[in-house]
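Asker: Compute the structure for the input listed below.
(chains A, B, C and D)
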2 protein chains.
Amino acid sequence: MANLDRSLIAGLDVFESMTAADLDRIVGQARSMRIARDQPVFEQEQDAHSFFLLLDGHVRVVKSTPDGHEVTVRYISPGELMGIASALGRTTYPANAIAAVDCVVLAWPSQLWPTFATSFPNFSANTYKTVGSRLQDAHTRVIEMATEQVEQRVAHALLKLIKQSGRKTDEGLMIDFPLSRQDIAEMTGTTLHTVSRLLSAWEDQGLIKSGRQRVVVVEPHKLLVVAECRTPKG
Amino acid sequence: MANLDRSLIAGLDVFESMTAADLDRIVGQARSMRIARDQPVFEQEQDAHSFFLLLDGHVRVVKSTPDGHEVTVRYISPGELMGIASALGRTTYPANAIAAVDCVVLAWPSQLWPTFATSFPNFSANTYKTVGSRLQDAHTRVIEMATEQVEQRVAHALLKLIKQSGRKTDEGLMIDFPLSRQDIAEMTGTTLHTVSRLLSAWEDQGLIKSGRQRVVVVEPHKLLVVAECRTPKG
DNA sequence: CGTCCATTTGATCAGGGTCAAGACGAGTGG
DNA sequence: CCACTCGTCTTGACCCTGATCAAATGGACG
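Answerer: Numbering: from 1, shown residues only, chains lettered A, B, ... in the order given. Down below sits the predicted model:
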């Protein structure tokens, strides 16, 4: 619980242009936690006692519907905030956050937020900028779901994932956490069957390589052509 | 441009628990504008010079895609903020805002936001609460698009509209601004043809009455049954 | 009275969901 | 080290929802 150093968070976007002293004050009130793969960081409808910063790993944010569907809202990468319900006046978390791999997170009690917001206006502004871009992302997804074919949505989803979590390998850009066909289906509003067919077709065309819970994009450029292909409705 | 009184905004959610003096200071820096029906309040990609409060009327917020699609993000009702890009660190508006009927709005220059945020913490917190619920709405729509049939999405859309803009009449709850089949289609990611067929069917069943750009929900309860009907995928 | 736009309705058809079955690979326990 | 099991992935066949194409109807307004 001790020995947290400001070097953990210095350099991250949300802490941009803050003094070392402020970073110390912030980090000093955090506790760090390890979350094992497939374990929740926080859960939908739970009391939002803390907000979090992902230091290492990848977290999947999923909303469950009453009728048993799961829709993946986004993946969180290292350096990103999550569970910031308190900054938006909510008292419960709106979704489940599941560790896609073993993770390390920092956690602050939610009741610190009002103090942080007034004491560190830069931090506050950067946080709301994050919120703004997530709102933007959500609207983009609504638009994709409304106007694009499944093939384009899946292509866009893969491109987004390699942009935010792509790791260069000799074969191409690998998504560096386990990602099943089912996971992709939950991101794009389709079924694992359709995703499987699409990935198989793309593999035949040499656009990607894939295996069990693993996807490598070999030809991002050509995949982008698929994603932007105009065969819309309307 | 003068004669703006705090009574215009007192009592609105976003100005909850603020003093008369603060309301005066805020309203004193606004200018009021009339926007004629079908005219823009602000436009996508434009420099976000101002943020707005809708005093009277209804505004449709629409995103246009490069390939000519239009997706309606939400309708704004009197008392709601809009164009608050500046509060989220954006410099341009993310969407078009079109007056669905003749409107009256208050406008503040965007550069006032940082001052407002620090001077009126209640106003700031309430604004971010609004942002939070819009993020929530956006995610709800993603989930609807991913898991529901068109019929259920259209039913949900109508129910949302009567909840936020329903006016009681002797026939039922009327959506009190012009709303075409095309408008409903743009909210739900379908076509005007499908919407027309659904509304016709519902009219035959006595759930609604409708006409040119006009929808009255006669049996909200039964419509809710349609909206919640479980015939999902997965 | 004529024009324009919103709406209705029918016919067709394909994208992709559903159902079904099997193959593959990883981890486990004997 | 091997057999077994379980979860992921693949692939085929079928069919339904809802998009597309086409055309007619009906108000509203000048």
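
Asker: Can you get me a residue count around A:V105?
Answerer: By the criterion of other C-beta atoms under 10 Å in any protein chain shown, A:V105 has 26 neighbours. From N, CA and C alone the C-beta is placed, and that goes for glycine too.

Asker: Quick check: closest non-adjacent residue to it.
Answerer: A:F52 (4.9 Å; C-beta to C-beta, 6 or more residues apart in numbering or on different chains).

Asker: quick one: buried residues of the strand or helix carrying the one you found?
Answerer: Assigned by DSSP states H and E, A:F52 belongs to strand A:50-56. For strand A:50-56, burial by neighbour count (16 or more other C-beta atoms under 10 Å in any protein chain shown) applies to A:50-55.

Asker: Show me where chain A has its helices.
Answerer: A:20-28, A:113-119, A:121-147, A:150-165, A:181-188, A:192-204, A:220-228 (DSSP state H).

Asker: Surely A:I84 and A:S50 touch.
Answerer: No: A:I84 sits out of contact with A:S50 when judged by C-beta atoms under 8 Å, with a separation of 10.0 Å.

Asker: what residues are up against A:A20?
Answerer: Remark: with contacts taken as C-beta atoms under 8 Å, 6 or more residues apart in numbering or on different chains, A:A20 is in contact with A:6, A:10.

Asker: Over to A:M82?
Answerer: Contact analysis of A:M82 by C-beta under 8 Å, 6+ apart lists A:41-42, A:51-54, A:59, A:61, A:76, A:97.

Asker: redo that, cut-off 7 Å
Answerer: A:41, A:52, A:54, A:59, A:61, A:76, A:97 (C-beta atoms under 7 Å, 6 or more residues apart in numbering or on different chains).

Asker: same check, this time on A:L55
Answerer: If you count contacts by C-beta under 7 Å, 6+ apart, then A:L55 has A:8, A:78, A:104-106 around it.

Asker: Of these - the most surrounded one?
Answerer: A:V105 (26 neighbours).

Asker: Tell me what it is bridged to.
Answerer: A:M33, A:L54 (DSSP bridges).

Asker: Can you check the pLDDT for it?
Answerer: A:V105 carries a pLDDT value of 98.

Asker: I'd like to know how far the residue nearest to A:V105 sits from DNA strand D.
Answerer: 25 Å (C-beta to the nearest atom of the strand, to the nearest Å).

Asker: in chain A, what spans have low per-residue confidence?
Answerer: For chain A, applying pLDDT under 70 flags the ranges A:1-2, A:230-234.

Asker: Spell out which residues of it are next to DNA strand D.
Answerer: With C-beta under 7 Å from any atom of the strand as the criterion, chain A meets DNA strand D at residues A:180-182, A:192-193, A:196-197, A:199-200, A:203, A:210-214, A:232-234.

Asker: Give the burial count for A:T191, as a bare number.
Answerer: Neighbours of A:T191 (other C-beta under 10 Å): 16.

Asker: what number of residues lie near the residue lying closest to it once chain neighbours are set aside?
Answerer: Leaving aside its sequence neighbours, A:T191 sits nearest to A:A185 (C-beta to C-beta, 6+ apart; 5.4 Å). By the criterion of other C-beta under 10 Å, A:A185 has 23 neighbours.

Asker: how does chain A divide up, domain by domain?
Answerer: For chain A, automatic domain parsing gives the domain ranges A:6-137, A:148-228.
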